[in-house]
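K.L.:
show me how the following folds:
(2 chains)
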Amino acid sequence: NAGVTQTPKFQVLKTGQSMTLQCAQDMNHEYMSWYRQDPGMGLRLIHYSVGAGITDQGEVPNGYNVSRSTTEDFPLRLLSAAPSQTSVYFCASSRTGDYGYTFGSGTRLTVV
Amino acid sequence: DAKTTQPNSMESNEEEPVHLPCNHSTISGTDYIHWYRQLPSQGPEYVIHGLTSNVNNRMASLAIAEDRKSSTLILHRATLRDAAVYYCITGNDMRFGAGTRLTVKP
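P.N.:
Reported below is the predicted structural model:
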């Protein structure tokens, strides 16, 4: 039981490049979310999903896409990276909204 | 915007109880109250959650006001390892606010 696995742990991108941050969970959780955390700040919700095939926007969705084709995976796509997207990205999952969320260890992204 | 209000920071002495308050005056009847903490350089960690009744687990206790518009996370004996940012969250979309930075003094 690996919990929530995020890959990669570190990534450096050039401005304008695209990439996908991977998030996988093996707990059969329906709810999954993506957050970003800028230095010294709290977490901000990017996108979330309440089940396969269902996604919704959070507080800061611009510049990011998500899809949820399976229960296990919830990838986050950066369409055209910008320096403002330099941040630590966390993925989280929960059985439902009534249960506690398990967080991944994060992906530290730097856009130069 | 986050739906909760917490003090920016609090201090505690080691081995003393800590009461971390949270206001959530717009909470709906079916929203759970969740508490998470984030230790330095780590991802958030689940602490406790509840709906109406007070809740206890090995980490903490959660006291929920009768009108559910506020709650208090109780750490019964703070240790240096409890120094972290504590977040109170309501609603299924799990939006974090700024949280409370807890400092524990030896």
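K.L.:
beta partners for the residue nearest to residue A:90 when sequence neighbours are not counted?
P.N.:
Closest residue to residue A:90 apart from its sequence neighbours, by C-beta to C-beta, 6 or more residues apart in numbering or on different chains: residue A:35 at 4.6 Å. Glycine gets a C-beta too; all of them are placed from N, C-alpha and C. Taking DSSP bridges as the rule, residue A:35 bridges to residue A:45, residue A:90.
K.L.:
so residue A:35 sits right up against residue A:47, yeah?
P.N.:
No: Residue A:35 lies out of contact with residue A:47 (C-beta atoms under 8 Å); the separation is 9.5 Å.
K.L.:
the two - which one has more neighbours?
P.N.:
residue A:35 (29 against 22; other C-beta atoms under 10 Å in any protein chain shown).
K.L.:
could you list every residue that touches the more buried one?
P.N.:
Contacts for residue A:35 (C-beta atoms under 8 Å, 6 or more residues apart in numbering or on different chains) come out as A:43, A:44, A:45, A:46, A:58, A:89, A:90, A:91, A:92, B:96.
K.L.:
correct me, but the first one touches residue A:36?
P.N.:
In this case it means residue A:43. Yes: with contact defined as C-beta under 8 Å, residue A:43 reaches residue A:36; the gap is 7.3 Å.
K.L.:
who's more crowded, those two?
P.N.:
Using other C-beta under 10 Å, the more surrounded residue of residue A:43 and residue A:36 is residue A:43, with 31 against 23.
K.L.:
quick one, grab the pLDDT at that one.
P.N.:
The model reports residue A:43 with a pLDDT of 92.
K.L.:
which residues do residue A:35 and residue A:47 both contact?
P.N.:
residue A:58.
K.L.:
for residue B:17, which non-adjacent residue is closest in space?
P.N.:
residue B:76 (5.5 Å).
K.L.:
what's the neighbour count on the one you found?
P.N.:
Residues lying near residue B:76 (other C-beta under 10 Å) number 12.
K.L.:
also residue A:37?
P.N.:
For residue A:37, the neighbour count with other C-beta under 10 Å is 19.
K.L.:
just checking, it touches residue A:44?
P.N.:
Yes: Residue A:37 lies in contact with residue A:44 (C-beta under 8 Å); the separation is 7.4 Å.
K.L.:
now do stretch B:98-106: distance to the chain's middle.
P.N.:
Relative to the chain's own centre, stretch B:98-106 is displaced by 11 Å; criterion: C-alpha atoms, centre = their mean, to the nearest Å.
K.L.:
what pLDDT, on average, does that stretch get?
P.N.:
Stretch B:98-106 comes out at a mean pLDDT of 95.
K.L.:
how about it, does it reach chain A?
P.N.:
Yes: interface with chain A: stretch B:98-106 contributes B:98, B:99 (C-beta under 8 Å from any C-beta of the partner chain).
K.L.:
so which bits of that stretch are buried?
P.N.:
Across stretch B:98-106, burial judged by 16 or more other C-beta atoms under 10 Å in any protein chain shown covers B:98, B:99, B:100, B:101, B:102, B:104.
K.L.:
find the nearest non-adjacent residue to the residue sitting nearest the centre point of chain A, please.
P.N.:
With distances taken as C-alpha atoms, centre = their mean, the residue of chain A nearest its centroid is residue A:34 (3.2 Å). Closest residue to residue A:34 apart from its sequence neighbours, by C-beta to C-beta, 6+ apart: residue A:46 at 4.4 Å.
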